[in-house]
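# would you be able to build a 3D model of this:
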Amino acid sequence: MTAGTLPAMYGEDFAADPGRHYEQLRSQGPLARVEIAPGAEAVLVTDYQAALDVLRDTHTFSKDPRPWPDTIPEDSPVRSVLAYRPAAVFTDGDTHSRYRKVIGDSLGLLGPHLLQTQVADAAAQLIGRFAAAGSADLVAGYARQLPLRVFNTWFGVPDAEGELLTDKISSMFAAGADSMDASTDLTNVIGGLVAERRARPRRDLTSYFIQHPAGLDDAETVMQIAVTFAGGYEFTANLIANTLLHMLADPRYDGSVTAGAMTAHEAINEVLWRNPPQSTSTGYYVRYDTTFHGVGLRAGQLVLVSYAAANSQSSPGGETDAWGASESAHLAWSAGPHSCPARQPALLIAISAVEQLTSRLCDMRLARPADGLRWRPGLFQRSLTTLPVHFTPWAPKPVSAAE
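Coordinates of the predicted model:
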């Protein structure tokens, strides 16, 4: 295939049914050339074992795009996700280890009990906004709002600026026309926050990133915070929404999110297999000409791993019991040295968020058929635009001053 005739992994058609596109690609073999935006080409890995091999093989594949000719058009929207920054996701070796340690050590300061308390408080406030109405959009009113409140608290971001950050983050991962502007705006907002905390430290993650013994400079600090906030927020929000849809649409729940046999944790595990919130990796670059799983690759070629395609190829027979028994085998958190450093806090937030909502509004039902819901375009995330539901109106008990 020549450029312009490659399968298009973007746009409304792809977003409506990515599984069909992955199945067609898999018929070509474990790797396939695709177009990820107009004029932007990559090799997409759809085979589970090949995906694991890319993610773990630091000898053949690099995360740093700088040594290679830049084949992505300067104005391409996917540059918001793929362009180099001094951050863990775009580096290898000692530099990557240094950046990742800052992220891991800082997130390690967040205790599980504190997280659960923060989620419960945020959930109660958000549910109180729409419980009496008997209807809600669980994407705009809950799934995207709850992690925003938690992340704002962690990093000490004012609520107004947090709303701005999440708008920019969503634009970046959608890889639309405004994605590069959104990336710049995100960096500028976090840059201002870092400058403020250098002058006046607080007990928040921004200050911990700055004070870490690794001694990051301002640009490095901004980028570690940006990738942690952006990736952590976006994919946690998507995970919450995708799990709620799965529970509401799955006939095993018999129309009630509390009537089924699965727990929130089990439902989330199924979503991480079937509908991972980050559906595709960021870039890997081939270090030298090679043959990989029978496919010739040239030095510098951009390779992306489709977690969603690899999971669907690997999932044993589509049986939930089998998936549940292999909880750690899916690729939703990636694998190898660049696996997600925020897996545990993200899981805890998502599980708690789903439990808080379903325990209060136990008779929620979809307001429209699941196959009529729309998904945001983009190769890198799997994200609903809306999730409208109906339920029995419920008035939360006001909290008195004495309480």
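# show the contacting residues for the residue lying closest to Phe173 once chain neighbours are set aside.
Spatial nearest neighbour of Phe173, chain neighbours left out: Gln381 (4.5 Å); criterion: CB to CB, 6 or more residues apart in numbering. From N, CA and C alone the C-beta is placed, and that goes for glycine too. For Gln381, the contact set (CB atoms under 8 Å, 6 or more residues apart in numbering) comprises Phe173, Ala174, Glu234, Phe235, Asn238, Pro277, Gln278, Ser279.
# now name the helix or strand holding the third one.
According to DSSP states H and E, Glu234 maps onto helix 218-249.
# so which elements touch that helix?
helix 93-107, helix 145-155, helix 159-174, helix 179-199, helix 205-211, helix 264-274, helix 343-360, strand 365-366 (3 or more CB pairs under 8 Å, 6 or more residues apart in numbering; DSSP states H and E).
# quick one: which of these has the weakest pLDDT on average?
Of all the helices and strands packed on helix 218-249, the minimum mean pLDDT falls on helix 159-174 (a mean of 76).
# I'd like to know which elements it is packed against.
Contact here means 3+ CB pairs under 8 Å, 6+ apart; on that basis helix 159-174 packs against helix 79-82, helix 145-155, helix 179-199, helix 218-249.
# state the mean pLDDT of stretch 240-248.
Regarding stretch 240-248, the rounded mean pLDDT is 96.
# for the residue nearest to Phe173, grab phi and psi.
phi -130, psi 160 (degrees, to the nearest 10).
# could you shift the numbering so residue one becomes 10, and keep it that way?
Sure, I'll start counting at 10 from here, so that last one is Gln390.
# could you report the pLDDT at it?
92.
# and it, how far from Ser290?
The spacing between Gln390 and Ser290, counted by CB to CB, to the nearest Å, is 12 Å.
# over to Arg88?
Using CB to CB, we find Arg88 at a distance of 16 Å from Ser290.
# same check on Asn251?
Going from Asn251 to Ser290 by CB to CB gives 18 Å.
# over to Leu253?
Distance from Leu253 to Ser290, by CB to CB: 25 Å.
# so Arg383 touches Thr395, yeah?
Yes: with contact defined as CB atoms under 8 Å, Arg383 counts as touching Thr395 (7.1 Å).
# more neighbours, those two?
Thr395 (14 against 11; other CB atoms under 10 Å).
# so who does the residue lying closest to Ser188 once chain neighbours are set aside touch?
Of all residues not flanking Ser188 in the chain, Ser89 sits nearest, at 3.8 Å (CB to CB, 6+ apart). By CB under 8 Å, 6+ apart, the residues touching Ser89 are Ser180, Met181, Phe182, Ala184, Ser188, Met189, Ala191, Ser192.
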